[in-house]
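> Provided below for reference: sequence and predicted model.
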Amino acid sequence: MNPKAAEQAVRLHLAASLDVRLVCDPPEGLYGFDPEQEFLFAVGGRHSQVGGVEYLAVSKRTGAVRKAGGGE
């Protein structure tokens, strides 16, 4: 196995261990998110902090993904 193959193995493992959920009702206080222009997803999993969730916004127009709710 070379470093590139090892990196791919890690990426596949992380993708399989993530819990990705569409959020229909954004949490109170989540700023910088436009439900008319974006879809919102909550992302967590085995490798995230206990109870930790990160929000990702996906542009409906371009498909660009960004962290939502501040703290880039």
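Received, thanks. Numbers count the residues shown, from 1 in each chain.
> name the element the closest residue to V23 other than its chain neighbours belongs to?
Nearest residue to V23 in three dimensions, chain neighbours excluded: L40, at 4.3 Å (C-beta to C-beta, 6 or more residues apart in numbering). Any C-beta I mention is one placed from the backbone N, CA and C, and that applies to glycine too. Assigned by DSSP states H and E, L40 belongs to strand 38-45.
> quick one: contacts of that strand?
Contacts of strand 38-45 from elsewhere in the structure, counted by C-beta atoms under 8 Å, 6 or more residues apart in numbering, are 14, 17-23, 26, 30, 33, 52-60, 68.
> quick one: strands adjacent to that strand?
strand 18-22 (antiparallel), strand 54-59 (antiparallel) (DSSP bridges).
> need the three-state assignment for A15.
Per DSSP: H, G, I helix; E, B strand; the rest coil, the secondary structure class of A15 is helix.
> tally of neighbours for it?
Counted with other C-beta atoms under 10 Å, residues neighbouring A15 total 10.
> returning to that earlier point: need the strands paired with strand 38-45 in a markdown table with mean pLDDT and distance to P3, can you?
Listed next are these as a markdown table, based on pLDDT from 0 to 100; distance: least, C-beta to C-beta, whole Å:
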| stretch | mean pLDDT | distance to P3 |
| --- | --- | --- |
| strand 18-22 | 90 | 23 |
| strand 54-59 | 93 | 27 |
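> please identify the most buried of these.
Most buried of these, by mean neighbour count (mean count of other C-beta atoms under 10 Å): strand 54-59, with a mean of 17.
> hang on, the earlier thing: which one of the strands paired with strand 38-45 lies closest to N2?
Taking C-beta to C-beta as the criterion, N2 comes closest to strand 18-22 out of those, the separation being 25.1 Å.
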